[in-house]
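Engineer: fold the following.
(one chain, ligands or ions: 1)
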Amino acid sequence: MKTLLWLQGLTCNGNTQSLLNAENPYIYEIFSKINLLYHPSLSIKNNLNEIVNKILDDEIRLDFLIVEGAITKNKNFCKIGNYSIADVVNKLKNKAEYIIAVGNCAVHGNLPAIYKENKDICGLQFKFEEKKGLLPSDFKTKSGYPVINITGCPIHPAWFTQVLMALYFDRNIPLDKFNRPKEIFMYLPHDGCTRNEYFEWKTEAEEFGHKEGCLFYNLGCRGPMTHAPCNKILWNRISSKTRAGMPCIGCTEFNFPVRENFFNTKKIWEYLKIFP
Ligand code: SF4
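Structural biologist: So this is what the prediction gives:
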């Protein structure tokens with residue numbers, strides 16, 4: 001039976017919450033096919049150290065190493081037994097067939113990495129746009145893949161389960177320049193948005209939550225420049241931010257949440273300061 005180990009760094013647990021909401025397959029279906037070695041929120045036994053040691057001694061094979069949350073080398077800040085999250089990832093990196101980073105913190109560092117004083121906080125292979133994460137830029141796991149990145153704050157459960165199942169059945173997964181599966185991240189929230197007609201006619205919604213109008217021209221929607229299939233793979237199978245009248249905030253991109261103006265579309269004259 002293939003095995004999966006889930007680690008958490010600096011995280012709000014949002015991607016675990018997403019995992020719990022997985023459907024088709026449900027979480028219990030996944031873990032009837034894959035042996036869940038340990039998950040910080042789901043495991044009953046607190047035996048991570050023992051499992052890590054058994055993996056290092058080749059008593060247990062490790063197929064999927066899943067990392068949620070940003071990485072820090074600080075042992076006081078995010079401690080796993082006597083180690084930091086960075087120590088544990090470094091120990092296991094050559095043992096795992098696949099490493100999957102789930103969520104923007106594990107991929108890009110995201111919120112925990114935003115402050116200059118948090119110099120040692122990063123993603124697994126990236127820090128924001130640059131390949132300056134914990135693992136070397138040319139790092140590959142035993143399977144030949146780099147860290148497979150599933151961005152989002154949080155990720156949609158189906159993005160994770162689709163990738164996991166594809167790898168489980170030894171399917172090839174083409175990746176984009178941020179090592180995200182192309183099959184998922186080639187789409188934009190703008191593709192399939194129910195407000196496209198309003199976008200074409202430049203008719204803007206008057207406020208959040210309104211059914212009529214696009215959210216791009218004044219309200220800051222990032223749907224046309226964000227890579228995520230939020231209007232193709234719907235949330236809870238029924239909705240998305242833009243369907244509910246909330247602009248896309250670009251949470252799958254490296255510059256989330258560094259960007260300013262989440263709910264405001266800056267106009268050219270504001271940049272050029274032409275008008276007072
Ligand atoms: S609301 Fe956003 S995603 Fe929808 S049509 Fe307008 S710009 Fe595109």
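Engineer: can you name the residues of the stretch 51-200 of the chain that neighbour the ligand?
Structural biologist: Taking Cβ under 6 Å from any ligand atom, the part of the stretch 51-200 of the chain that reaches the ligand is made up of Pro189, His190, Cys193, Arg195, Asn196, Phe199. For the C-beta atoms, the positions are set from N, CA and C on the backbone; glycine is no exception.
Engineer: run the last query once more with 8 Å
Structural biologist: Applying Cβ under 8 Å from any ligand atom, we find that the stretch 51-200 of the chain lies next to the ligand at Leu188, Pro189, His190, Cys193, Thr194, Arg195, Asn196, Tyr198, Phe199.
Engineer: could you tell me which of these count as buried?
Structural biologist: The neighbour count (16 or more other Cβ atoms under 10 Å) marks Leu188, Pro189, His190, Cys193, Arg195, Asn196, Tyr198, Phe199 as buried among these.
Engineer: residues touching the fourth one, list them.
Structural biologist: Shown in contact with Cys193 (Cβ atoms under 8 Å, 6 or more residues apart in numbering): Phe199, Gly223, Asn231, Ser240, Thr242, Arg243.
Engineer: in strands only, show me those.
Structural biologist: Among those, DSSP state E puts none in strands.
Engineer: which one of these is nearest the ligand?
Structural biologist: Gly223 (2.3 Å; Cβ to the nearest ligand atom).
Engineer: rewinding a little: of all the buried ones among the residues of the stretch 51-200 of the chain next to the ligand, which two lie farthest apart?
Structural biologist: For these, the maximum inter-member distance is 16.1 Å, found between Leu188 and Tyr198 (Cβ to Cβ).
Engineer: check which helices and strands the biggest helix by length in the chain sits against.
Structural biologist: Secondary structure of the chain read by DSSP state H shows that its longest helix is helix 157-168. Helix 157-168 is packed against helix 14-20, helix 27-33, strand 96-102, strand 148-150, helix 182-185, with contacts defined by 3 or more Cβ pairs under 8 Å, 6 or more residues apart in numbering; DSSP states H and E.
Engineer: that one - what's its average pLDDT?
Structural biologist: Here helix 157-168 scores 98 as its mean pLDDT.
Engineer: just the buried ones among the residues of the stretch 51-200 of the chain next to the ligand: which are in helices?
Structural biologist: Asn196, Tyr198, Phe199.
Engineer: contacts only, for the last one.
Structural biologist: With contacts defined as Cβ under 8 Å, 6+ apart, Phe199 is in contact with His190, Cys193, Cys214, Phe216, Pro224.
Engineer: got it, and the second one?
Structural biologist: Contact partners of Tyr198, counting by Cβ under 8 Å, 6+ apart, are Glu204, Ala205, Glu212, Gly213, Cys214.
Engineer: swap the cut-off to 6 Å and go again
Structural biologist: Contact analysis of Tyr198 by Cβ atoms under 6 Å, 6 or more residues apart in numbering lists Gly213, Cys214.
Engineer: likewise the first one?
Structural biologist: By Cβ under 6 Å, 6+ apart, the contact set of Asn196 is empty.
Engineer: swap the cut-off to 8 Å and go again
Structural biologist: If a contact means Cβ under 8 Å, 6+ apart, then Asn196 has His190, Cys214 as its contacts.
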